[in-house]
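Visitor: Predicted model follows, preceded by the sequence.
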Amino acid sequence: MDPFGSEDGPCAVCGAPARACAGCYAVYYCGKDHQLAHWQSGHKDTCATYKISKDPVLGRYLEATQDIQAGAFIMKSKPLVHGPQMSSEPVCLGCCRRLEGEPDDWYECTKCGWPLCSVKCQESQQHRPECTAMGKVNFFMGKDCGKVTILGGLEEINQWSWYGSIVPIRALLLPPKEYKKMMALQTHIQEHRRNPEFNFKVRSVTSFIFNTLKLRDFKEEDVATVLAIFDTNAFEVSRPDLNQMGRALYYMGSMMAHSCKPNARLCHVGEEFEMALMAEECIPRGASINITYMDRLNGTLKRLTHLKTTKYFDCCCMRCSDPTDLGLYLDSLRCTECRAAGKKSLLESTSPTKLTAEWRCQNSECGQRVSAADMLRLHKELRTAKTNLDDSTKFSDYKDFLDKHLGPGGLLHPTSTYILQIKISLIFNILGHSSGYFLKELSEDLLHYKLQLCQEMLEIAKILHPGYSRTRAFLLMDLQETLMEQIKRNLKDKIITFEEAQDSVKKVKTILDEAASILREPARKADVEGKLQNFQRKCKHLGINL
Ligand SMILES: C[S@@+](CC[C@H](N)C(=O)[O-])C[C@H]1O[C@@H](n2cnc3c(N)ncnc32)[C@H](O)[C@@H]1O
């Protein structure tokens with residue numbers, strides 16, 4: 001079954017053209033009667049490959065009810081609520097597409113005055129709740145969303161901050177059945193209420209809903225609960241191919257536990273942010289189907305802190321409990337005592353899931369110890385140095401960072417989180433991607449370096465992003481483009497024969513095919529097709545016919 005392919009196929013009962021089963025998308029039905037008949041004759045035991053289970057630590061989570069193959073499609077689900085992000089750029093309230101250009105170029109909703117794409121978006125189901133509520137009190141926004149001041153004019157805030165109220169309004173105005181479903185999601189309300197920023201957000205949204213829209217049935221506590229539910233469960237969603245961005249809350253998506261080494265990932269399909277869940281690796285029956293709530297390149301210290309402060313739990317997954325962080329030692333620094341003696345030993349946490357734990361040299365003969373506070377301070381300095389590079393497009397800045405921190409006086413080792421992040425930036429942002437460093441412009445040495453980086457990071461991906469992960473697919477795509485450039489040069493310089501080039505190109509095609517088989521989600525279709533066309537163009541240019 002191709003989960004992202006056509007939703008049409010032959011009916012499982014009569015063979016007539018039919019629509020896919022909404023539970024598993026593996027079989028098709030021409031209508032309700034045949035769906036029911038097939039369900040009763042056994043499909044109910046094989047339909048969904050997951051169920052909601054409970055665990056004392058995880059709370060509710062999704063459990064695999066059958067063995068799930070890597071790359072398999074686990075579910076597809078529509079959002080309960082979706083809309084613009086809390087702090088959004090101007091987007092259309094109908095379709096969440098970015099509004100390009102100036103306010104004068106945008107369509108203004110004739111009923112509430114919010115900027116939209118078109119009259120079609122004005123009439124959309126999406127825009128109805130807030131539009132109706134505003135219409136009832138004659139609130140007219142005006143398409144530049146007005147410059148607003150808050151706190152009695154003390155502080156001027158970004159005019160687009162109004163967008164933050166849209167999703168809570170839609171959530172509060174959900175039909176009763178969906179509202180009840182949403183309110184049953186995890187809130188962590190007490191923890192959220194201890195956060196001043198959260199309370200500020202609640203007050204601003206409540207003021208708009210209660211005072212401006214006069215939706216007096218809702219109390220501040222309802223708004224707080226909705227905002228807490230979103231912070232705990234919602235996903236930032238985007239379809240770069242459609243220029244859409246927003247956030248969405250899915251009921252089943254909200255049941256998924258986090259793991260720092262997940263076995264599944266979310267993809268967004270459809271224009272209304274339906275989500276699809278894909279198994280990145282084989283998931284055995286009975287296992288938790290989990291996703292990651294954060295970037296896997298982060299070391300344990302950052303992961304633990306982020307999960308505690310944003311999702312309010314202490315992660316104890318097998319990766320966080322492993323002092324070697326899957327053998328990569330992402331947070332470990334070099335032991336300065338051993339370094340002085342010409343050795344390469346690293347510091348290891350004495351208790352990885354505790355941020356307050358001391359760090360100790362892994363060389364038992366050394367015994368150097370570093371306090372948690374000192375370790376956090378060193379990491380803060382390193383993080384700042386790395387962040388300072390984020391906007392740089394100069395290869396030499398990245399190279400200087402690597403030379404300084406990996407050199408004889410440096411504290412980092414080749415698989416430190418900062419080194420891996422720098423290498424990823426070099427691969428995806430600089431070498432082959434920015435002016436002065438496009439593939440054609442790269443010197444032989446830099447081309448070779450880019451190849452080496454792709455291969456190194458693919459080795460790391462075997463550990464951190466194995467199987468059907470997006471990062472692995474992107475690395476494979478970059479690798480194939482770099483290899484094609486190398487083949488072109490080698491052929492031109494007569495370093496290889498035409499036959500050798502042809503053999504190499506065949507191998508490169510398998511790399512591209514593998515990336516395409518991972519990136520089957522519609523949001524990436526244009527990307528993948530672009531790469532395939534580019535590959536074919538290059539083959540033609542080389543006179544190679546595969
Ligand atoms: C999106 S919800 C997941 C569903 C939630 N367990 C429930 O019962 O509704 C996120 C919350 O689940 C819990 N959670 C998720 N993954 C966890 C993990 N690996 N360890 C402990 N708690 C986890 C945390 O409370 C977190 O804030």
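Guide: Nice, I can see it. Numbers count the residues shown, from 1 in each chain.

Visitor: check contacts around whichever residue of the stretch 101-250 of the chain sits closest to the ligand.
Guide: Distances between the stretch 101-250 of the chain and the ligand by CB to the nearest ligand atom are smallest at residue 186, namely 3.5 Å. Where C-beta positions appear, they are placed from N, C-alpha and C, glycine not excepted. Shown in contact with residue 186 (CB atoms under 8 Å, 6 or more residues apart in numbering): 59-60, 229, 232-233, 254.

Visitor: let's see it at 7 Å
Guide: Residue 186 makes contact with 59, 232-233 under the criterion CB atoms under 7 Å, 6 or more residues apart in numbering.

Visitor: Surely residue 204 forms part of a helix?
Guide: Yes - the assignment for residue 204 by DSSP: H, G, I helix; E, B strand; the rest coil puts it in a helix.

Visitor: burial measure for it, as a count.
Guide: Residues contacting residue 204 under the criterion other CB atoms under 10 Å number 18.

Visitor: how close does the residue of the stretch 51-200 of the chain at minimum distance from the ligand sit to residue 313?
Guide: Closest approach between the stretch 51-200 of the chain and the ligand, counting by CB to the nearest ligand atom: residue 59, at 2.9 Å. Relative to residue 313, residue 59 is positioned 9 Å away (CB to CB, to the nearest Å).

Visitor: same deal with residue 267?
Guide: From residue 267 over to residue 313 the distance is 25 Å, taken as CB to CB.

Visitor: Give me the more crowded residue out of those two.
Guide: residue 267 (20 against 17).

Visitor: what's stretch 208-218 in contact with?
Guide: Around stretch 208-218, the neighbours that count as contacts under CB under 7 Å, 6+ apart are 133-134, 137, 139, 165, 169, 172, 223.

Visitor: What residues of that stretch count as buried?
Guide: For stretch 208-218, burial by neighbour count (16 or more other CB atoms under 10 Å) applies to 208-210, 213, 215, 218.

Visitor: okay, how far is it across it, tip to tip?
Guide: By CA to CA, to the nearest Å, the extent of stretch 208-218 from end to end equals 12 Å.

Visitor: Going by residue numbers, what spans are strands in the stretch 301-450 of the chain?
Guide: 347-349, 359-361, 369-370 (DSSP state E, counting those that start in this stretch).

Visitor: partners of the first one, with directions?
Guide: Taking DSSP bridges as the criterion, strand 347-349 forms sheet pairs with strand 359-361 (antiparallel).

Visitor: how long is stretch 205-220 from one end to the other?
Guide: 9 Å.

Visitor: Over that stretch, what's the mean pLDDT, rounded is fine.
Guide: Model confidence over stretch 205-220, given as mean pLDDT, is 90.

Visitor: One more: stretch 175-194?
Guide: Averaged across stretch 175-194, pLDDT comes to 96.

Visitor: Between its first and last residues, how far does it reach?
Guide: Using CA to CA, the two ends of stretch 175-194 sit 30 Å apart.

Visitor: Stretch 219-226 and the ligand, any residue contact?
Guide: No - against the ligand, stretch 219-226 shows no contacts by CB under 6 Å from any ligand atom, the least distance being 13.6 Å.

Visitor: Show me what that stretch is in contact with.
Guide: When contacts are defined by CB under 7 Å, 6+ apart, stretch 219-226 is touched by residues 168, 171-172, 183, 187, 189, 193, 202, 205-206, 209.

Visitor: The closest residue to residue 383 other than its chain neighbours: neighbouring residues, count only.
Guide: Once flanking residues are discounted, residue 383 sits nearest to residue 418: 7.4 Å by CB to CB, 6 or more residues apart in numbering. Counted with other CB under 10 Å, residues neighbouring residue 418 total 24.

Visitor: Tell me who's in contact with residue 418.
Guide: Contact analysis of residue 418 by CB under 7 Å, 6+ apart lists 382, 386, 405, 412.

Visitor: Now restrict those to buried residues only.
Guide: Using 16+ other CB under 10 Å, the buried ones in these are 382, 386, 405, 412.

Visitor: measure the nearest residue to the first one once chain neighbours are set aside to residue 106 for me?
Guide: It refers to residue 382. Nearest non-adjacent residue to residue 382, counting by CB to CB, 6+ apart: residue 418, 5.5 Å away. Remark: distance between residue 418 and residue 106 (CB to CB) = 42 Å.

Visitor: Repeat that for residue 339.
Guide: Look at residue 339 and residue 106: by CB to CB, they are 59 Å apart.

Visitor: More neighbours: which of the two?
Guide: Between residue 339 and residue 106, residue 106 has the larger neighbour count (other CB under 10 Å), namely 19 against 16.

Visitor: Could you check how far residue 493 is from residue 506?
Guide: On the measure of CB to CB, residue 493 and residue 506 end up 21 Å apart.

Visitor: now do residue 385
Guide: Using CB to CB, residue 385 is found at 43 Å from residue 506.

Visitor: and the two most separated of the buried ones among the contacts of residue 418?
Guide: Within the buried ones among the contacts of residue 418, two members stand farthest from each other by CB to CB: 386 and 412, at 10.1 Å.

Visitor: sec struct for residue 245, please.
Guide: Three-state assignment for residue 245 (three-state DSSP): strand.

Visitor: coming back round to it: can you give me the pLDDT of the residue nearest to residue 383?
Guide: Looking at residue 418, its pLDDT reads 98.

Visitor: Likewise for the one 5 residues further on?
Guide: Note for residue 423: predicted pLDDT of 98.

Visitor: Got the domain ranges for this structure?
Guide: The record's domain parsing of the chain by the TED database lists 1-47, 51-76+257-292, 81-249, 387-542.

Visitor: Go through the contacts of stretch 219-226 and give me the one with the most neighbours.
Guide: residue 168 leads those on contacts (other CB under 10 Å) with 28 neighbours.

Visitor: can you map out the helices along the stretch 401-546 of the chain?
Guide: Per DSSP state H, counting those that start in this stretch, the stretch 401-546 of the chain carries helices over the ranges 417-425, 444-464, 470-492, 498-518, 525-542.

Visitor: residues of the third one that come out buried?
Guide: I take that to be helix 470-492. For helix 470-492, using 16+ other CB under 10 Å, the buried residues are 470-489, 491.

Visitor: can I have that helix written out in PDB, keeping just the CAs?
Guide: Taking C-alpha atoms only, helix 470-492 is exported to PDB below (Å, rounded to 0.1, in the frame of the first residue of the first chain):
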ATOM      1  CA  ARG A 470      13.500  13.100   7.000                       C
ATOM      2  CA  THR A 471      17.100  14.000   7.900                       C
ATOM      3  CA  ARG A 472      18.400  10.800   6.400                       C
ATOM      4  CA  ALA A 473      16.500  11.500   3.200                       C
ATOM      5  CA  PHE A 474      17.800  15.000   3.000                       C
ATOM      6  CA  LEU A 475      21.300  13.800   3.500                       C
ATOM      7  CA  LEU A 476      20.900  11.200   0.800                       C
ATOM      8  CA  MET A 477      19.600  13.900  -1.600                       C
ATOM      9  CA  ASP A 478      22.600  16.200  -0.900                       C
ATOM     10  CA  LEU A 479      25.000  13.300  -1.200                       C
ATOM     11  CA  GLN A 480      23.600  12.300  -4.700                       C
ATOM     12  CA  GLU A 481      23.900  15.900  -6.000                       C
ATOM     13  CA  THR A 482      27.500  16.200  -4.700                       C
ATOM     14  CA  LEU A 483      28.400  12.800  -6.300                       C
ATOM     15  CA  MET A 484      26.900  13.900  -9.600                       C
ATOM     16  CA  GLU A 485      29.000  17.000  -9.600                       C
ATOM     17  CA  GLN A 486      32.100  14.900  -8.800                       C
ATOM     18  CA  ILE A 487      31.300  12.500 -11.700                       C
ATOM     19  CA  LYS A 488      30.800  15.400 -14.100                       C
ATOM     20  CA  ARG A 489      34.200  16.800 -13.200                       C
ATOM     21  CA  ASN A 490      36.000  13.500 -13.300                       C
ATOM     22  CA  LEU A 491      34.600  12.700 -16.700                       C
ATOM     23  CA  LYS A 492      35.500  16.100 -18.000                       C
END
